[in-house]
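*Asks:* predicted model follows, preceded by the sequence.
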Amino acid sequence: MIDPLAASTRLASAGMEAQSLRLRIAAENVANAQSVGDGPGADPYARKTVTFRAALDRAAGGTSVRLQKIGTDEAPFRIERDPGNPAADADGNVKMPNVNVLLEMADIREANRSFEANVQVIKQARAMVASVIDLLRT
């Protein structure tokens, strides 16, 4: 028989790992939102994406989350006119990253809330275990 409190802690931990990775990728995207290519016409930083998949966790007796892949967004790069930029082409246009900072900040906020929800699951499971131990002592 699988201990439901241990299983919930294990599944919440997997969720925390997933959201932590999601936060790191989104933070990297924000940090590189203005990173242009090395030379004229060179491609800038390409937005990274993270994809998860459901995975059976036999030890926990439930479905958990696992990393499927870290990829790059295929959206086109923005073009900005900046003739003084070393990455500008002959026409003075610079390819800018395909990162939408507003979208990344929303993703960071959502991942942070999901992370916090998983932390609360673990806290509640620990509190229940402590209550059971207290009941057994009396």
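*Replies:* Good, I have the coordinates. These numbers were taken from a predicted model, which means no experiment stands behind them.

*Asks:* what residue ranges in the chain score low on pLDDT?
*Replies:* For the chain, applying pLDDT under 70 flags the ranges 1-2, 60.

*Asks:* quick one: the helices in it, in order.
*Replies:* 4-31, 101-137 (DSSP state H).

*Asks:* angle of the shortest one against helix 101-137?
*Replies:* By that I understand helix 4-31. In terms of direction (axes from the mean of the first three to the mean of the last three Cα atoms, to 10 degrees), helix 4-31 departs from helix 101-137 by 160 degrees.

*Asks:* who are the contact partners of Asp57?
*Replies:* Applying Cβ atoms under 8 Å, 6 or more residues apart in numbering to Asp57 gives the contacts Arg10, Leu11, Ala14, Thr63, Ser64. Glycine gets a C-beta too; all of them are placed from N, C-alpha and C.

*Asks:* rerun at 6 Å
*Replies:* Neighbour list for Asp57: Ser64 [criterion: Cβ atoms under 6 Å, 6 or more residues apart in numbering].

*Asks:* and it, bridged to which residues?
*Replies:* Bridge pairing for Asp57 (DSSP bridges) gives the partners Gly62.
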